[in-house]
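1. Below are the sequence and a predicted model; questions follow.
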Amino acid sequence: MLTNFGCDSKAPPTPATTPVKGQILVQGKGVAGARVVFHPQFDVGAVKFAPGATTDKEGRFQLGSAGPSDGAPVGEYAVTFTWPEPTKNPDEGDLQVDRWRNKYNDPAKSKWKITIKEGDNQLEPFKID
């Protein structure tokens with residue numbers, strides 16, 4: 001099933017989504033501000049995207065694709081993570097550095113593979129060292 005968002009009938013169709021919720025745990029505790037991205041391992045059509053979300057203070061998230069928290073299309077995904085940490089660099093202004101030093105942000109090397117199915121998807125927590 002395909003869905004068009006917006007009023008422009010010439011806009012490429014985007015796949016229908018289904019709700020996806022999860023949690024990121026670091027050393028057994030939820031972390032705020034971590035970013036999770038689901039990289040499709042299937043053809044998503046003309047509109048290229050990767051569903052993503054940012055965690056709340058308990059490490060919980062709801063994926064969004066075409067809009068915040070609208071979920072993700074059914075299919076297989078490689079999952080990546082970053083955890084931005086604001087830093088001050090007097091020469092370059094405010095920067096954000098990944099606390100994990102890009103260790104978990106390459107979809108080709110991700111050890112987390114997830115299948116999203118029709119209906120609500122409540123994922124097991126992602127446990128990160």
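-> Yep, that arrived. None of these values were measured; they are calculated from a predicted model.
2. got a list of what the spatially closest residue to residue 98 that is not a sequence neighbour touches?
-> Counting by CB to CB, 6 or more residues apart in numbering, residue 82 is the residue found nearest to residue 98 once chain neighbours are left out, at 4.6 Å. The way it works is simple: take the backbone N, C-alpha and C, and place the C-beta from them, glycine included. By CB atoms under 8 Å, 6 or more residues apart in numbering, the contact set of residue 82 is 34, 35, 98, 100, 102, 104, 105.
3. in the protein, which spans are strands?
-> Ranges of strands within the chain are 2-3, 14-15, 20-26, 29-30, 35-40, 52-54, 60-62, 75-82, 84-89, 93-98, 113-116, 121-122, 126-128, based on DSSP state E.
4. Mind listing what's buried along stretch 29-49?
-> Residues of stretch 29-49 classed as buried by neighbour count (16 or more other CB atoms under 10 Å): 30, 31, 33, 34, 35, 36, 37, 38, 39, 40, 44, 49.
5. Of all pairs in those, which one is the farthest apart?
-> Maximum pairwise distance among those (CB to CB): 29.4 Å, between 30 and 44.
6. Fine, thanks again, bye for now.
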